[in-house]
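Student: structure of the sequence below:
(2 chains)
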Amino acid sequence: MNPVRLLIMAEMHGRDLTRRHAALCLLVALPLSFYLVSANNANAVAAGGVGMAFSVSGAALFSVLSSRHVDQRLVLTGYQPIELLLGRLLFLGPLGLVIGGGFSTLMALRSGPDRPWVMALGVSAVALQSVAFGLAVGAIVPLELEGTLVLIGVIGVQLAVQQRSEVSKVLPFYGPRRLLNSSLTMHGPIAGPLFQTALYGIGMLLVTRIFISRRIDIERHDLLE
Amino acid sequence: MDLSVDAGEVVALTGENGAGKTTLLRICAGIIRADSGSVRVAGKIGYCPQVPGLFELLTADDHLVLFGRGSGLNRDDALRRGHATLAEFGFPLHERTLVRDLSGGTRQKLNLALALLADPCVLLLDEPYQGFDRGTYVNFWDHCQKWRSEGKSVVVVTHMLAEFGRADRVVELAPHPSRATRRGLR
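Tutor: Residues are numbered from 1 along each chain as shown, chains lettered A, B, ... in the order given. Sure thing, here's the model as predicted:
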């Protein structure tokens, strides 16, 4: 793996996304609107988290989909599939954390959680998990409509089901959601949800790695003697 | 199918729609796997796909740097080499236009320049002149002669009968078996 290639991939994804001005606005506006419309009820923080999951995982999904015609050609020039994946991660991860940072500050000021730092941790977990989730969906379902529907479906179900239900526990945002809820009291768990988030996130990245390689890796031919 | 292309040879690959010209080139490039058989190459491959695979919101320079890094070129070398090729094909280098805003022919020039960026010894070009204006089209075939003299192995998918004379050899793929059967050719 070549770190310079990772950086150049991250740089180019950054250039691509920062030229999508409407998309950038929506990345911030979506979680904000989810949070503000429910700001006066108990689910405001969870709703904000879901809005953030939609926007960041959407950005990650489309970073995979918009480059699927180019990826194989980049591998042909010498990139490894893992470099393409990590290059995206290198840009999208910090981007999610920056958006999450601003969003946690707003929620901490407006919702007044008992443990604001746990809320920041929860929002960061949502952001990072969203990147892994969006990349995984993009790798497994490399088609715009199908991928978007899977993304909406999974996050929608996460919002619809009770946190204690069995279904909720197998969904990718179970850990981050527990963290966000923990921030509202002085007694909620922290280590467990963080571990769940990390485990699920790593699992999704491994799945992404497998599917990306199967889709874009090329056959290296024998050299003539 | 058994095809061998020597160094310093230009082969025109032709055949009906669906005969498998693009598939053959993609197999040679390593992008898809053949059901059977093998491919051996003499060195680095430059592949120019029929449909330019480019990022809509990046500029030509961004592409040169991105593709150049994959080939092991640093930023300056990638830009220098890429600009030289683009200039030969009349690409408007003074504009920092996003690919989204380029015309079809101009995109194709960038597409071709990316295939040439790493100075490959094998060139697989799938109708690389689509959208080229008349002058650039002639220029492209002139470059085939140049690449021949540089010792490159060049395979160009083409339907242009008038240009067959520019190739050292014309290879025509048989129609796809399903079509041949329908027409009683099998």
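Student: so who does residue A:15 touch?
Tutor: B:57, B:58, B:62 (C-beta atoms under 8 Å, 6 or more residues apart in numbering or on different chains). (Each C-beta comes from the backbone N, C-alpha and C, glycine too.)
Student: pLDDT at residue 62, what is it?
Tutor: Answering for chain A, as no chain was given. Note on residue A:62: pLDDT of 91.
Student: that was the other one, I meant chain B.
Tutor: At residue B:62, the pLDDT recorded in the model is 95.
Student: number of residues surrounding the residue in chain A positioned nearest to chain B?
Tutor: Among all residues of chain A, residue A:77 sits closest to chain B, at 3.4 Å; criterion: C-beta to the nearest C-beta. For residue A:77, the neighbour count with other C-beta atoms under 10 Å in any protein chain shown is 23.
Student: and for the closest residue to it other than its chain neighbours, the neighbour number?
Tutor: Sequence neighbours aside, residue B:70 is the residue nearest to residue A:77 in space, at 3.4 Å (criterion: C-beta to C-beta, 6 or more residues apart in numbering or on different chains). Residue B:70 is flanked by 25 other residues according to other C-beta under 10 Å.
Student: phi, psi for residue B:70 please.
Tutor: Main-chain torsions, residue B:70, degrees, to the nearest 10: phi -60, psi -30.
Student: just name the closest of the contacts of residue A:15 to chain A, please.
Tutor: Distance ranking of those against chain A, using C-beta to the nearest C-beta, places residue B:57 first at 4.4 Å.
Student: if we can go back for a sec, so which of the contacts of residue A:15 reach chain A?
Tutor: When contact is defined as C-beta under 8 Å from any C-beta of the partner chain, those meet chain A at B:57, B:58, B:62.
Student: host element of the first one?
Tutor: Of the helices and strands defined by DSSP states H and E, none includes residue B:57.
Student: residues contacting the residue nearest to residue A:171 when sequence neighbours are not counted?
Tutor: Excluding its sequence neighbours, the residue lying closest to residue A:171 (C-beta to C-beta, 6+ apart) is residue A:158, at 4.7 Å. Residues counted as contacts of residue A:158 (C-beta under 8 Å, 6+ apart) are A:50, A:53, A:168, A:171, A:172, A:173, A:174, A:177.
Student: helix or strand: which one has residue A:158?
Tutor: Residue A:158 is part of helix A:144-160, with elements assigned from DSSP H and E.
Student: just the CA atoms of that helix, as CSV, please.
Tutor: Only the C-alpha atoms of helix A:144-160 are listed here, as CSV (Å, rounded to 0.1, in the frame of the first residue of the first chain):
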residue,chain,number,x,y,z
GLU,A,144,-28.0,4.1,-7.8
LEU,A,145,-31.6,3.3,-7.1
GLU,A,146,-31.1,0.0,-5.4
GLY,A,147,-28.3,1.3,-3.3
THR,A,148,-30.3,4.3,-2.2
LEU,A,149,-33.3,2.2,-1.3
VAL,A,150,-31.2,-0.1,0.8
LEU,A,151,-29.7,2.8,2.6
ILE,A,152,-33.1,4.5,3.2
GLY,A,153,-34.6,1.1,4.3
VAL,A,154,-31.9,0.2,6.9
ILE,A,155,-31.7,3.7,8.5
GLY,A,156,-35.5,4.0,8.3
VAL,A,157,-36.0,0.7,10.1
GLN,A,158,-33.4,1.8,12.7
LEU,A,159,-35.5,4.9,13.4
ALA,A,160,-38.8,3.0,13.4
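Student: quick one: buried residues of it?
Tutor: A:147, A:148, A:150, A:151, A:154, A:155, A:158, A:159 (16 or more other C-beta atoms under 10 Å in any protein chain shown).
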